[in-house]
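# Next comes the sequence, and after it the predicted model I'd like to discuss.
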Amino acid sequence: MSVNFAKNPTLQRLLMVLVSLSLYFISLEITKLSPEVLVHDDWIYLIFLPAGSRLLSIMLFGIWGAIGDCIALFISAINILPDQNISIWLTFATSSSLASLIAIRFTMKQLSIHLDLSNLKYWQIPVLSVISNLIHAFVTQFTLSYFLQKHYSFYIRDSLAMALGDFLGTMLIIGVATVGIKLFKAEKTNF
């Protein structure tokens, strides 16, 4: 019995969600190896590779990449906020992923990037990254401060630290992907 993904949109969507989840957790495990100097306030990494996974997943898979990101953030929230209830975990994950999805899609539209990425230029990736990571960071920090019901005196500092880490992580992921693609293309032309 073989499965034909091309003729089964449900399996395609499931695969997109699973790829997004896998990319997130692989990059998160690599990020956790960061030295202490790259960690701000216990859980904000100054080089956060899953942000690159999120950008790629949403650019490639749209809403299905965002759903994979949301599930990954929900699972991560259980570890980051173990004393909170499920509604806070769900709100944190949903608001973060939705903010990223809207920011990425809006920026793609403003830059006239086709959804199939056929006209994507390399310079547009940092622009997408800066805008989506700033929006993601500020929405995430606001959500956490609001729902944890605490006066958050370092909101701007922590939001900017998160946005910086997300941007650097995204650029590192994009750089590695670019090198990988070039090596793959070079390998194909040598045969």
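Yep, it's here.
# give the contact list for the residue nearest to the spatial centre of the chain.
Centroid-nearest residue in the chain, with CA atoms, centre = their mean: Arg54, separated by 2.1 Å. Applying CB atoms under 8 Å, 6 or more residues apart in numbering to Arg54 gives the contacts Tyr24, Gly65, Asp69, Ser97, Ser100, His136. C-betas here are computed from N, CA, C, even on glycine.
# Given the lowest-mean-pLDDT helix or strand in the chain, what are its sheet partners and their directions?
The least trusted helix or strand in the chain, going by mean pLDDT, DSSP states H and E, turns out to be strand 39-40, with a mean of 83. According to DSSP bridges, strand 39-40 forms sheet pairs with strand 44-45 (antiparallel).
# how distant is the strand it pairs with from the center of its chain?
Taking CA atoms, centre = their mean, to the nearest Å, one finds strand 44-45 lying 14 Å from the centre of the chain it belongs to.
# mind listing the helices in the protein by residue range?
9-31, 50-61, 63-80, 86-110, 124-147, 155-189 (DSSP state H).
# The ones you listed: which one's closest to Val37?
Proximity to Val37, assessed across the helices of the chain by CB to CB, is greatest for helix 155-189 (12.5 Å).
# Now do the buried residues in the closest one.
Applying a neighbour-count criterion of 16 or more other CB atoms under 10 Å, one finds 158-159, 161-174 buried in helix 155-189.
# That one - what's its average pLDDT?
Averaged over helix 155-189, pLDDT sits at 89.
# Who are the packing partners of it?
helix 9-31, strand 39-40, strand 44-45, helix 50-61, helix 124-147 (3 or more CB pairs under 8 Å, 6 or more residues apart in numbering; DSSP states H and E).
# neighbour-wise, which of the contacts of Arg54 leads?
Asp69 (30 neighbours; other CB atoms under 10 Å).
# show me the contacts for that residue.
Applying CB under 8 Å, 6+ apart, the residues near Asp69 are Ser20, Tyr24, Ser53, Arg54, Ser57, Ile58, Ser96, Ser97, Ser100.
# Please identify the one among those residues that lies nearest to Ala6.
So of those, ranked by how close each gets to Ala6 (CB to CB), first place is Ser20, at 19.7 Å.
# so what pLDDT did the nearest residue to the closest one once chain neighbours are set aside get?
Of all residues not flanking Ser20 in the chain, Gly68 sits nearest, at 2.6 Å (CB to CB, 6 or more residues apart in numbering). On the pLDDT scale, Gly68 is placed at 97.
# Mind listing residues that contact stretch 18-38?
Under CB under 8 Å, 6+ apart, the answer for stretch 18-38 is 45-50, 52-54, 56-57, 61, 64-65, 67-69, 71-72, 76, 165, 169, 173.
# and Leu90, how far is that from Glu29?
23 Å (CB to CB, to the nearest Å).
# okay, those two: which has more neighbours?
Leu90 (14 against 11).
# contacting residues for that one?
Phe74.
# Can you tell me how far it is from Ser96?
Counting by CB to CB - Leu90 and Ser96 are separated by 11 Å.
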